[in-house]
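Trainee: Need coordinates for the below:
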Amino acid sequence: MTTVSKAGDHSFDIAFWQAQSASKRFIAAFDMLKYSYLLKGKKINDHTFRLQRTVENIKQAPR
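Mentor: Predicted structure coming up:
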């Protein structure tokens, strides 16, 4: 196994993550996000990671 201290240039990390599927990378990133919230003592509920919907309406510009 190669570590960052041996490789020195993070080539192992890049190769590892590029070898993973998009869904596995997404799951890993989401797990890190949840873990960072827990480390900071923030509570996680159903609305914590919802996308914000701030657009109320869109009108077409006159021609």
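
Trainee: biggest helix in the protein, by residue count?
Mentor: Scanning the chain for the longest helix, with DSSP state H as the assignment, gives helix 22-39.

Trainee: how many other residues sit next to Tyr37?
Mentor: Residues within reach of Tyr37, counting by other C-beta atoms under 10 Å, total 14. All C-beta spots, glycine's among them, are computed from the backbone N, C-alpha and C.

Trainee: Kindly state the pLDDT recorded for it?
Mentor: pLDDT for Tyr37: 90.

Trainee: That one and Leu51, how far apart?
Mentor: From Tyr37 across to Leu51, the span is 16 Å (C-beta to C-beta, to the nearest Å).

Trainee: got it, and Asp31?
Mentor: 19 Å.

Trainee: more crowded one of the two?
Mentor: Legend: neighbour count by other C-beta under 10 Å for Asp31 and Leu51, higher for Asp31 (10 against 5).

Trainee: Just the pLDDT at the more buried one, thanks.
Mentor: pLDDT, Asp31: 92.

Trainee: Spit out the contact partners of it.
Mentor: Counting by C-beta atoms under 8 Å, 6 or more residues apart in numbering, Asp31 touches no other residue.

Trainee: And what about Ala15, helix, strand or coil?
Mentor: Under DSSP: H, G, I helix; E, B strand; the rest coil, Ala15 falls in the helix class.
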